[in-house]
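> have a look at this prediction, sequence included:
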Amino acid sequence: EPLLPAESPSSRLLWLQTSKARWRASQGRLPDGTIATEGGDFWRRLGYDSWREWYIVEKETWSNQYTWNRNSRRAYIARFDRGGVNLTNTPFSEWLQIRKVGWQVSRIKRLRKAKGGGGKMVVNASMNLLESMPSRVSNPVLRDIIEYSEKLRSGGGGTVTTHQYSLDWVFNADANPNDDVVYYFLDFLSYFEVLKLGMLSARTREMLSSRDQLWRMKCSSHPRWNLPKRPRKRWFDLYNHNFMVMTLETRKKSDDLLVKIANQLTMGDKETQVYNLVERGQRDWDFDVNYTSGSVLDRNGALNYAVIKRRKNVVKYLVDVKGANVETSDVGGFTPLLNAVYNGDLQMVRFFLSRGANKNAVGITHSSQGFKQGFEGRNAEGWARSLGHEAVAEEIRLGVSKFWR
């Protein structure tokens, strides 16, 4: 069909009216909507009592028969055992997005050709349309696709210059977002992720570090830092230095706290002292109950060590009250469930299964044993049978009901 100029609403309306009239004529109706043939409405000729009934059946037929990728659709039906494609599912949404972008590219290319003539690149003719597209694909990428395809079609040789994926537009203080916007952008990232941003390129690092007001606000967000009124280095470098010092101090405090918790668990009935240590650590420096150290306790966290020492009340406190991760593991890959299996503690095994612990996790060696060369490890049931805990193995094999929650 003829391509109509985007800036001509009257022409588009005329085209729409003409197309609607042509469709009505093909369905046995006049432009004013009256019946033009003996057959009446087309849905009645097809055996339907109403247009709504025809629409529902046709939509279902299309859903069952239409395919954007035959193999993908067959795999989807085989996996979910459904007779049709749900128009709201993720595969259809992805297909629709691809078709949408493809239509956008085709539309822009035709607009450029109509405005510029031949295969010349006329960017201004479609700039407004391109900038207003609600697509996930960025404008530079769309332009690269168009330029590359037109260059190939015209038989041009050489290489095509493409835009590099860069975040410079975010951090460029001269023409783009102000410090408040970038501050909230970085607030969603951890410190080490922000540090990686500075490693993308020298240009990105320079743009990032040149925003003194931004890093001054970031430093001020840590009330425990002692900040100079007139720093001798840039605020970016000061922020990195203070954060690394704080990280090392927090790691040292957490290591010491883990040792104290382990000592209390080893001595026996010291549950109250363990609770107090955890509460104090979280109050003073936001201690993470899932913290594991590479230098103490063979990378066992507080939860794993409590399971090893058979402290059931401490285990329930850490999991149910403090939200400890039941999938944490030590240097040998032993999770709390595997440690409970190693101890033959059926009650503790039931507890971790009821909390959703992965019974297929593989542990290579217990913290009390040495590594065996070439040994690939066992899962929970395998360790239970190898250690002679048949009741525990059967509990793991059969699973656990909600009775144990």
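That came in fine, so what should we check first?

> can you show me the helices along the stretch 251-400 of the chain?
Counting by DSSP state H, counting those that start in this stretch, one finds helices in the stretch 251-400 of the chain at the ranges 271-285, 302-308, 312-316, 336-343, 346-354, 380-386, 390-398.

> residue 114: which of those helices is closest?
Closest approach to residue 114 among the helices of the stretch 251-400 of the chain is made by helix 271-285 (65.3 Å; Cβ to Cβ). For every residue, glycine as well, the C-beta is placed using N, CA and C.

> who are the packing partners of that closest one?
Using 3 or more Cβ pairs under 8 Å, 6 or more residues apart in numbering; DSSP states H and E as the contact test, the elements touching helix 271-285 are helix 235-267, helix 302-308, helix 312-316.

> show me which positions of the last one end up buried.
Spelled out, that is helix 312-316. For helix 312-316, burial by neighbour count (16 or more other Cβ atoms under 10 Å) applies to 314-315.

> need the contact partners of it.
In this structure, residues lying in contact with helix 312-316 by Cβ atoms under 8 Å, 6 or more residues apart in numbering are 265, 271, 274-275, 303, 306-307, 336, 347-348, 351.

> now those residues in a markdown table, with pLDDT?
What follows is the contacts of helix 312-316, written out as a markdown table (pLDDT from 0 to 100):
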| residue | pLDDT |
| --- | --- |
| 265 | 89 |
| 271 | 84 |
| 274 | 90 |
| 275 | 91 |
| 303 | 92 |
| 306 | 92 |
| 307 | 93 |
| 336 | 93 |
| 347 | 91 |
| 348 | 93 |
| 351 | 92 |
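
> indicate which one of the helices and strands packed on helix 271-285 is closest to residue 377.
When these are compared for distance to residue 377 using Cβ to Cβ, the nearest one is helix 302-308, at 16.3 Å.

> ok, now how distant is the nearest residue to residue 290 once chain neighbours are set aside from residue 287?
With sequence-adjacent residues excluded and distances taken as Cβ to Cβ, 6 or more residues apart in numbering, residue 290 is closest to residue 325, at 4.8 Å. When distance is defined by Cβ to Cβ, to the nearest Å, residue 325 is 14 Å away from residue 287.

> and these two? which has more neighbours close in?
For the pair residue 325 and residue 287, the greater number of neighbours falls to residue 287 (21 against 15), based on other Cβ atoms under 10 Å.

> surely residue 172 touches residue 207?
Yes - taking contacts as Cβ atoms under 8 Å, residue 172 lies within contact range of residue 207: 5.6 Å.

> more crowded one of those two?
A count of neighbours by other Cβ under 10 Å puts residue 207 above the other of residue 172 and residue 207, at 21 against 16.

> ok so that one is a strand residue?
No - note on residue 207: no strand contains this position according to DSSP: H, G, I helix; E, B strand; the rest coil, which reports helix.

> show me the shaky parts of the stretch 51-200 of the chain.
Where the stretch 51-200 of the chain drops to pLDDT under 70, the residues are 62-98, 101, 105, 108-109, 112, 115-169, 173, 175-177.

> could you rerun that using 50?
Scanning the stretch 51-200 of the chain for pLDDT under 50 picks out the ranges 67-68, 80-89, 117-139, 158, 160-163.

> spit out the contact partners of the residue lying closest to residue 343 once chain neighbours are set aside.
The spatial neighbour of residue 343 that comes closest, neighbours along the chain excluded (Cβ to Cβ, 6+ apart), is residue 310 at 6.3 Å. Contact analysis of residue 310 by Cβ under 8 Å, 6+ apart lists 343, 345, 348.

> for residue 215, state which of those is nearest.
Closest approach to residue 215 among these (Cβ to Cβ): residue 348, at 48.0 Å.

> chain neighbours aside, what residue packs nearest to the closest one?
For residue 348, the closest residue by Cβ to Cβ, 6+ apart turns out to be residue 340, at 3.9 Å.

> quick one: the one you found and residue 349 touch, right?
Yes - counting by Cβ under 8 Å, residue 349 is a contact partner of residue 340 at 4.9 Å.

> one step back: can I get the contacts of residue 310 in JSON lines including neighbour count?
Shown next, in JSON lines, are the contacts of residue 310 (neighbours: other Cβ atoms under 10 Å):
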{"residue": "343", "neighbour count": "18"}
{"residue": "345", "neighbour count": "19"}
{"residue": "348", "neighbour count": "23"}
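
> go through the residues you listed and name the one nearest residue 12.
Distance to residue 12, by Cβ to Cβ, is smallest for residue 348 among the contacts of residue 310, at 70.9 Å.

> show me what contacts the closest one?
Contact criterion Cβ under 8 Å, 6+ apart gives 307, 310, 312, 315, 340 as the residues in contact with residue 348.

> what's the closest of those to residue 330?
The shortest separation between residue 330 and any of these is 10.4 Å, and it belongs to residue 307 (by Cβ to Cβ).

> picking up where we left off before, can you lay out the helices and strands packed on helix 271-285 as CSV showing distance to residue 16?
Compiled in CSV, the helices and strands packed on helix 271-285 are given as follows (distance: least, Cβ to Cβ, whole Å):
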stretch, distance to residue 16
helix 235-267, 56
helix 302-308, 66
helix 312-316, 68
